[in-house]
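Asker: Next come a sequence and a model predicted from it.
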Amino acid sequence: MGNVKNNLKEIKTIKEIPEEELVTGGTFACGGCNAIYGTRLTLKALGKNTIMVNTSGCMTLTAIYPFTPYKVPWVHNAIENGASTASGILMGLKALKKDKNTNIVVYAGDGATYDIGLQALSGMVSRNEKIIYICYNNGTFGNTGFQKSAATPYGANTTTTPPGKKSEIGNIFKRKNIVKMMHINGAAYSATASTSHPVDYINKLRRAAKSGGPAFIDLLCPCIPGWGIEESQGSRIGEKLVESGMWPLYEINKKGEFILTHKPKMIPVKEAMKNQKRFQHLDSKQIKEIQKIINTEWEKIKKGGIWTTEFY
């Protein structure tokens, strides 16, 4: 494995995405699951010379011993220690002198990243280890019943933040600013991405692989059952979140430069929310409040500032 060189050339169009599939069909993922689609794109971007570490979560159900849909080494571990396991793999490869051309990738949900596994992730970054950490972000603890995580957007209805008399808006907290946090912590590369924009995501993966150090990508993966959307609409919903400005696509390089990688059309947030059951309880006043927050953030971005609230 270590003798194979990676082809990490950036692409411009969907037609340039590699055709080879390194994830087979027949997994236990939900119909239309964008997280498994994200795995497919990840391996198309990085190729066979990749080792994937998966923390307990939705993607655990895709490979149940002795069966696996993956054509690369795939390691399952506990929800809190994906980054630690990846660090151990990196040390083993270094001892064997096979670390130079091998991509070590952690693919973990937002509950395992923003919350339970944050300590291990922070340690991985602070040790300056050459590992790509991808958070497949559906805004909840999806595998255990769609409870709130630190990635849950303000106003969302989850099983632990239901709208009611004490909180008509649902979740009252804003999303943790984890991309900026990883940059400040010392990541060589940190970025947001979305499965609805595969070319942007693939290019960011390849930049991450070339960064020479720890890299973090927060990948928006619309959740079919958790968000209450149609199986065929995952990518479309993701696209609307991007185009409304609720999920900005950007990167922060080693120099600390904030680069917007996609200029959204800024469609109304009401349009982005309307087909998601998790937002159906919101009234016009609450939606206007959310729109105001998004508009304020984008005024900062236009002036060259970094997205600060991490609202989405």
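Answerer: In hand now; what should we look at?
Asker: only C-alpha atoms for contact and neighbour calcs from this point on.
Answerer: Will do.
Asker: could you say which helix or strand contains the residue most central in space within the chain?
Answerer: Most central in the chain under CA atoms, centre = their mean is residue 219, positioned 2.1 Å from the mean C-alpha point. Per DSSP states H and E: residue 219 is located in strand 215-220.
Asker: now do residue 158
Answerer: With DSSP H and E as the test, residue 158 turns up in no helix or strand.
Asker: For it, give me the pLDDT.
Answerer: pLDDT recorded at residue 158 is 97.
Asker: didn't it look like it was pressed against residue 151?
Answerer: No - contact criterion CA atoms under 8 Å: residue 158 and residue 151 do not qualify, at 11.8 Å.
Asker: Need the residues touching each of these two.
Answerer: Shared contacts of residue 158 and residue 151, defined by CA atoms under 8 Å, 6 or more residues apart in numbering, comprise residue 140.
Asker: Tell me, how many residues neighbour residue 16?
Answerer: By other CA atoms under 10 Å, 10 other residues sit near residue 16.
Asker: before we move on, what about the one 10 residues further on?
Answerer: The number of residues packed around residue 26, counting by other CA under 10 Å, is 10.
Asker: per-residue pLDDT, it?
Answerer: 84.
Asker: and the gap between it and residue 88?
Answerer: 30 Å (CA to CA, to the nearest Å).
Asker: same thing with residue 115?
Answerer: 21 Å.
Asker: Same drill for those two, tell me which one is more crowded.
Answerer: Taking neighbours as other CA under 10 Å, residue 115 and residue 88 compare with residue 115 leading, 17 against 11.
Asker: And for that one, nearest residue in space, chain neighbours not counted?
Answerer: residue 150 (6.3 Å; CA to CA, 6 or more residues apart in numbering).
Asker: next one: residue 139
Answerer: residue 152 (4.3 Å).
Asker: model confidence over the strand holding residue 219, on average?
Answerer: The model assigns strand 215-220 a mean pLDDT of 98.
Asker: could you pull out the strands for the stretch 151-300 of the chain?
Answerer: 189-194, 215-220, 250-252, 258-260 (DSSP state E, counting those that start in this stretch).
Asker: Tabulate those strands (CSV), appending distance to residue 208.
Answerer: Output for the strands of the stretch 151-300 of the chain, formatted as CSV (distance: least, CA to CA, whole Å):
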stretch, distance to residue 208
strand 189-194, 6
strand 215-220, 5
strand 250-252, 10
strand 258-260, 14
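Asker: Of all those, which one is nearest residue 231?
Answerer: strand 215-220 (16.0 Å; CA to CA).
Asker: so where do the helices sit in the protein?
Answerer: 34-46, 82-95, 110, 118-126, 178-185, 198-210, 224-227, 234-243, 269-273, 284-302 (DSSP state H).
Asker: Just say which of those helices is most tucked in.
Answerer: The highest average neighbour count among these, using mean count of other CA atoms under 10 Å, belongs to helix 110 at a mean of 28.
Asker: just to revisit the earlier point, mind checking how far the strand holding residue 219 is from the chain centre?
Answerer: Here strand 215-220 is found 4 Å from its chain centre; the criterion is CA atoms, centre = their mean, to the nearest Å.
Asker: Export that strand to PDB, keeping only CA atoms.
Answerer: The C-alpha coordinates for strand 215-220 follow below in PDB (Å, rounded to 0.1, in the frame of the first residue of the first chain):
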ATOM      1  CA  ALA A 215      -6.900  18.300   8.200                       C
ATOM      2  CA  PHE A 216     -10.500  18.700   9.200                       C
ATOM      3  CA  ILE A 217     -13.600  18.800   6.900                       C
ATOM      4  CA  ASP A 218     -17.100  19.400   8.200                       C
ATOM      5  CA  LEU A 219     -19.300  17.600   5.600                       C
ATOM      6  CA  LEU A 220     -23.000  18.500   5.500                       C
END
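Asker: Tell me the strands beside it, with direction?
Answerer: strand 132-137 (parallel), strand 189-194 (parallel) (DSSP bridges).
Asker: Give me the contact list for that strand.
Answerer: Contacts for strand 215-220 (CA under 8 Å, 6+ apart): 38, 125, 130-138, 179, 182, 187-195, 205, 208-209, 238.
Asker: Would you mind giving the orientation angle of that strand with respect to helix 198-210?
Answerer: Counting by axes from the mean of the first three to the mean of the last three CA atoms, to 10 degrees, strand 215-220 lies at 160 degrees to helix 198-210.
Asker: show me what contacts residue 155?
Answerer: 169-172, 279, 282.
Asker: Mind checking which of those residues are buried?
Answerer: 169-171, 279, 282 (16 or more other CA atoms under 10 Å).
Asker: Any regions of the stretch 201-312 of the chain where pLDDT drops low?
Answerer: 304-312 (pLDDT under 70).
Asker: If we use 50, what do you get?
Answerer: Within the stretch 201-312 of the chain, the segments meeting pLDDT under 50 span 312.
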